[in-house]
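Student: No letters, just coordinates:
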């Protein structure tokens, strides 16, 4: 859905400024009472400190598996050989270990919603750098996209957390990329797949996603937070392709390895 500008009158503009000032004052008061700390190491000053940013193991797009985002897959990792893959390309920004793992847990399970912007920025930088440095593999990952969408949570996960963590990340990512965002997918079922083996994930992911927005002929960039086996991304990409999407590239914050 594309952003729509609103022309405000004088009273509305004044009211908006007052609301903004009150929000800023509330944020400053909260910061005094409970200073921001790093979600990974709890150092004061930033949601993600410079030291933890440096400690992240960034995935080199020149050597990543283009099917599942594995960091050492070169052309195609051994796990993906022989698999039926619906997505066109896949990239993950960092390895799911150390700071990235702690950040994801703080965001999803700890309720630190401000981390959506930090995660989106890391993903956006990874996609931009991949497109610029290895265009033969990731050319057009951002520049030839019609819309951004995301892997949604189940209704039970939404009730438990009170928000869809990937929707928030996708909104921040779309804003950073100046791309339209569409809420295209619905996930059925309530199974938490984090403890399942690769074969079980692949089997149970099929048919979980329904497309509820028009994607016919579109080049879509599909976002998720963590790739474990690639089953979730592949199932979501399959649904989008069945609904008529011309191309589905996938981008994640982290890859389990």
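Tutor: Arrived safely, thanks for sending. Note that the structure is a prediction, hence the values are computed from the model and not measured.

Student: and residue 158, helix, strand or coil?
Tutor: Judged by DSSP: H, G, I helix; E, B strand; the rest coil, the three-state class of residue 158 is helix.

Student: Skipping adjacent residues, who's closest to it in space?
Tutor: For residue 158, the nearest residue in space outside its immediate sequence neighbours is residue 164; the separation is 5.8 Å by Cβ to Cβ, 6 or more residues apart in numbering. Using the backbone N, CA and C atoms, a C-beta is placed for each residue, glycine as well.

Student: Just the pLDDT at that neighbour, thanks.
Tutor: The model reports residue 164 with a pLDDT of 94.

Student: Quick check: it vs residue 120, distance?
Tutor: Going from residue 164 to residue 120 by Cβ to Cβ, to the nearest Å gives 14 Å.

Student: So for the two, which sits in the more crowded spot?
Tutor: Taking residue 164 and residue 120 together and counting by other Cβ atoms under 10 Å, residue 120 has the greater number of neighbours (22 against 18).

Student: In contact with the more buried one, which residues?
Tutor: Shown here is residue 120, whose contacts under the criterion Cβ atoms under 8 Å, 6 or more residues apart in numbering are 169-170, 172-173, 176.

Student: Give me the distance between it and residue 168.
Tutor: Taken as Cβ to Cβ, the spacing of residue 120 relative to residue 168 amounts to 8 Å.

Student: again, but for residue 70
Tutor: Using Cβ to Cβ, one gets 26 Å for the distance from residue 70 to residue 168.

Student: now for the helix or strand hosting residue 220, which elements pack on it?
Tutor: Element membership of residue 220, judged by DSSP states H and E, is strand 219-227. Contact here means 3 or more Cβ pairs under 8 Å, 6 or more residues apart in numbering; DSSP states H and E; on that basis strand 219-227 packs against helix 99-108, helix 115-133, strand 147-150, helix 165-177, helix 231-242, strand 247-255.

Student: who does that strand pair up with?
Tutor: Strand 219-227 has the following sheet partners, assigned by DSSP bridges: strand 147-150 (parallel), strand 247-255 (parallel).
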